[in-house]
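[1] next come a sequence and a model predicted from it.
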Amino acid sequence: MADYRVDVYRNSDIDYILMGVRGHRHLRLVIKAGDRCIVFQEATVAAIVRAYIGIKAHPLRRAIKLVRSRLSNWKDGYAEYQLIEEDVAEEDIISELDNILGI
């Protein structure tokens, strides 16, 4: 088991999800679950979507690990910090998932 707090949210735990553009440019995702409200910025949502599609749309791929990286040069409209894919064996990622989830 991980040495930090692990929260698992099922559909039955979620009161509602909001997603929209704040101001004129930046998307936000809000997940309301009981007394918790979790807010994700657009760059985080984009990274989650990239990882999800990378696994679901690939016939063999089973796991991806994205790691926080601070970019020295980045395109206009992108965040300075990005979640970039790390070259890790899928078996190692699955093992880390199992450890976190206590499986």
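    Looks like it arrived, so ask away.
[2] which elements pack onto the longest helix along the chain?
    Secondary structure of the chain read by DSSP state H shows that its longest helix is helix 42-56. With contacts defined as 3 or more CB pairs under 8 Å, 6 or more residues apart in numbering; DSSP states H and E, helix 42-56 has these neighbours: strand 26-33, strand 66-70, strand 81-85. All C-beta spots, glycine's among them, are computed from the backbone N, C-alpha and C.
[3] in JSON lines, list those along with mean pLDDT, distance to residue 18 and mean neighbour count.
    Below are the helices and strands packed on helix 42-56 laid out as JSON lines (pLDDT from 0 to 100; distance: least, CB to CB, whole Å; neighbours: other CB atoms under 10 Å):
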{"stretch": "strand 26-33", "mean pLDDT": "94", "distance to residue 18": "4", "mean neighbour count": "15"}
{"stretch": "strand 66-70", "mean pLDDT": "96", "distance to residue 18": "23", "mean neighbour count": "11"}
{"stretch": "strand 81-85", "mean pLDDT": "93", "distance to residue 18": "22", "mean neighbour count": "15"}
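[4] mind putting those strands in TSV, distance to residue 58 included?
    Conversion of these to TSV gives the following (distance: least, CB to CB, whole Å):
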stretch	distance to residue 58
strand 26-33	24
strand 66-70	15
strand 81-85	13
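[5] buried residues, the longest helix of the chain. List them.
    Buried residues in helix 42-56, counted by 16 or more other CB atoms under 10 Å: 42, 43, 44, 46, 47, 51.
[6] using PDB, list the CA coordinates for it.
    Coordinates of each C-alpha in helix 42-56 appear next as PDB, following Å, rounded to 0.1, in the frame of the first residue of the first chain:
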ATOM      1  CA  GLU A  42      -7.100  22.500 -18.800                       C
ATOM      2  CA  ALA A  43      -3.500  21.200 -19.100                       C
ATOM      3  CA  THR A  44      -4.300  18.400 -16.600                       C
ATOM      4  CA  VAL A  45      -7.500  17.400 -18.400                       C
ATOM      5  CA  ALA A  46      -5.700  17.300 -21.700                       C
ATOM      6  CA  ALA A  47      -3.000  15.000 -20.200                       C
ATOM      7  CA  ILE A  48      -5.700  12.700 -18.800                       C
ATOM      8  CA  VAL A  49      -7.500  12.600 -22.100                       C
ATOM      9  CA  ARG A  50      -4.200  11.900 -24.000                       C
ATOM     10  CA  ALA A  51      -3.400   9.000 -21.700                       C
ATOM     11  CA  TYR A  52      -6.900   7.600 -21.800                       C
ATOM     12  CA  ILE A  53      -7.000   7.700 -25.600                       C
ATOM     13  CA  GLY A  54      -3.500   6.400 -25.800                       C
ATOM     14  CA  ILE A  55      -4.500   3.200 -24.000                       C
ATOM     15  CA  LYS A  56      -8.100   2.800 -25.200                       C
END
